[in-house]
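K.L.:
give me a model of this one.
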Amino acid sequence: MQTTLDAATRDVATRTSLPLIATGRIFFALGLIGMGATHFVFGDFMTGRAPPWPEQLAGGTAWAWTSGVVFICCGVAILVGRAMRVAALITALLIICWAFARNIPVAAADSLFGGQWTRIGKAWTFAGGALAVAAVAPRIASVRGGLDSVLNATSAFTHAARVLLALFLLVTGVQHFLHTGFVASLIPSWFPGDATFWTYSAGVALIAFGTGLLVAATAPIAALLAGCMVFSWFWIVHVPLTLTSVSDGVAVFEALAVAGIGLLLAGSLQRGRWPRPAVGAGGRM
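P.N.:
Next up, the predicted model:
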């Protein structure tokens, strides 16, 4: 009887998780395509908020356009589900090498939880999001040997994405209390209530969801709530800002991508709780 109940619960979890995974993948892909497009608008590497191209070197515009094309192509591949794992791994590697690694000394030189921490946090979050996409993508059949366990990883990629998103939520949650005035200025004047109150409330929620993501038992619901919350900010905060400032055009795609990561993780973590039984495994009712 217990086996029957477990199978029924697993089937329900699968039916619930698949729409979340699909929606999160679409949001992340659209966000990635949009961030890639901003490379052409700003003439620099914008995905993951990399530091500016070194002034003493030539070729900055060419690199911006080339990397923008790569991200757009990878986003399209993830969106349509073709070569999805390869596209996700290329995305993660490019962000880690050019945005995250280069942001480390910049963030280290900044004050604790300063603005540069947001930049490096976005870099590690989008790299983690790409790994989360790779985890739910079909395996790369042509890979053999030691590379197979690396490139075709599933639970390790999901775990890394979960921790990286959690750390980003914790950092930004603390920043809501340290930089209250700036965050409050982002809330539209038409939104009901006091902007400072909503800033503190969002900070508490970010810290709570980040903490919840670090706990295996609460990680799926924390990821879901975080994704839904950021998606609401996509409409309430970021879309209106793009109508008044071109420079905020990056943030609107970043918010969509982060919301997608949360939803995708919610689905994959929920499904991961109920792995399908191994072929040939026996069980008594």
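
K.L.:
residues near Ser185, how many?
P.N.:
10 (other CB atoms under 10 Å). Heads up, the C-betas are built off the backbone N, CA and C, glycines and all.

K.L.:
element containing it?
P.N.:
helix 180-186 (DSSP states H and E).

K.L.:
could you give the mean pLDDT of the helix or strand just after that helix?
P.N.:
Toward the C-terminus, helix 180-186 is succeeded by helix 195-214 as the next helix or strand (DSSP H and E). For helix 195-214, mean pLDDT is 98.

K.L.:
if you count contacts, what does helix 195-214 end up packed against?
P.N.:
In this structure, helix 195-214 makes packing contacts with helix 155-178, helix 180-186, helix 219-233, judged by 3 or more CB pairs under 8 Å, 6 or more residues apart in numbering; DSSP states H and E.

K.L.:
with distance to Val204 as added columns, please give these in a markdown table.
P.N.:
Formatted as a markdown table, these follow (distance: least, CB to CB, whole Å):
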| stretch | distance to Val204 |
| --- | --- |
| helix 155-178 | 7 |
| helix 180-186 | 13 |
| helix 219-233 | 11 |
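
K.L.:
of all these, which one is nearest Ile78?
P.N.:
Comparing these by their distance to Ile78 (CB to CB), the top pick is helix 155-178, with 14.0 Å.

K.L.:
what is the distance between the closest one and the centre of its chain?
P.N.:
Remark: helix 155-178 is offset 9 Å from the chain centroid, using CA atoms, centre = their mean, to the nearest Å.

K.L.:
quick one: average pLDDT of that helix?
P.N.:
Rounded mean pLDDT across helix 155-178 is 98.

K.L.:
now what about it, what contacts it?
P.N.:
113, 117-118, 121-122, 124-125, 127-129, 131-132, 134-135, 183, 199-200, 202-211, 213-214, 219, 222-223, 226, 258, 261-262, 265, 268-269, 272 (CB atoms under 8 Å, 6 or more residues apart in numbering).

K.L.:
distance check, the closest residue to Val230 other than its chain neighbours against Cys73.
P.N.:
Distances taken as CB to CB, 6 or more residues apart in numbering place Ala259 nearest to Val230, at 4.3 Å, with adjacent residues excluded. Ala259 sits at a distance of 22 Å from Cys73 (criterion: CB to CB, to the nearest Å).

K.L.:
so for those two, which sits in the more crowded spot?
P.N.:
Set Ala259 next to Cys73 and count neighbours by other CB under 10 Å: Ala259 wins out with 24 against 17.

K.L.:
for the more buried one, report the pLDDT, please.
P.N.:
98.
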